[in-house]
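Student: Here is the input, now give the coordinates:
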Amino acid sequence: MTDPDAPAGSGRNETREEQLDRNWMELIQELRVLQTGVQILAGFLLTLPFQQRFETLDDYQVTLYLVNVALAALTTAFILLPVSVHRRLFRKRLKATLVASADNITKIALGGVAALSVGTAALVFDVTAGRRVGLIAGGVLLAVLAILLAYVPVHLHRKARKEEQ
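Tutor: The predicted structure is shown next:
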C-alpha cells in the first residue's frame, strides 16, 4: 500500500514507514563515510605529539592543534549520537523523530568535519610553510568547503524546484 501523503510523482511506491526506514539507512551510510574521514584526521592528529618536531611548535600552533583535537572528539561524538538516539528510541515507534534528529545531527557533523579539515590543513601549512601560508590555506579551504557544503546543495535545490514548475 502506498502512502496517501507521498508527493505525487515521487517515483517511489513505499509506505511512510518504508520511506522512514530508507531515510534512516541512507543517513547511517552517510555517517559511516563521515566517521572514516574523522577517524583518519583524528589518528593523524593524535600521532603529532610523538614527533620530534612537535616540540618546536609555537603557542599559536599548539592552540590550533588542541582545537583540532577537540573538534575531532566533538565531531566523533556527533557522528555517534544518532546511534545513541536510536538505542534510546528503539521499538518506541518514533522512527520519524529518529530520522529527523539524525538528519540535523548529520548536518552538524558535516560542519564539524569541515571545521576539522580547515583547522588541520591550516596547521600543516603553518608548520611547513609559515603562518601567512597557513592562514591563506585555511581561508581558501574554508571558502571552498562553504561553497561545496552549503552553496552547492542550496543551488541544486533551487534549480530542481524551478524545473518542477
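Student: Going by C-alpha atoms from here, please, whenever you check contacts or count neighbours.
Tutor: OK.
Student: Return, as residue ranges, the portions of the protein with sub-threshold pLDDT.
Tutor: Within the chain, the stretches with pLDDT under 70 are 1-11.
Student: can you give me the strands for it?
Tutor: Using DSSP state E, no strands are found in the chain.
Student: which parts of the longest helix seen in the chain are buried?
Tutor: Looking across the chain with DSSP state H, the single longest helix is helix 95-129. For helix 95-129, burial by neighbour count (16 or more other Cα atoms under 10 Å) applies to 95-96, 98-99, 101-103, 105-106, 109-127.
Student: Please apply the same query to stretch 88-95.
Tutor: Buried residues in stretch 88-95, counted by 16+ other Cα under 10 Å: residue 95.
Student: CA atoms of it as CSV?
Tutor: Extracted C-alpha coordinates of stretch 88-95, given in CSV (Å, rounded to 0.1, in the frame of the first residue of the first chain):
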residue,chain,number,x,y,z
ARG,A,88,17.0,5.0,23.3
LEU,A,89,14.1,5.3,20.8
PHE,A,90,14.3,1.6,19.6
ARG,A,91,10.9,-0.1,19.5
LYS,A,92,9.1,3.0,20.7
ARG,A,93,7.5,3.8,17.3
LEU,A,94,9.4,7.1,17.0
LYS,A,95,11.1,6.5,13.7
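Student: quick one: it to chain centroid distance?
Tutor: In terms of Cα atoms, centre = their mean, to the nearest Å, the gap separating the centre of stretch 88-95 from the centre of its chain is 24 Å.
Student: Return the residues in contact with residue 72.
Tutor: Neighbouring residues of residue 72 by Cα atoms under 8 Å, 6 or more residues apart in numbering: 38, 41, 42, 112, 113, 116.
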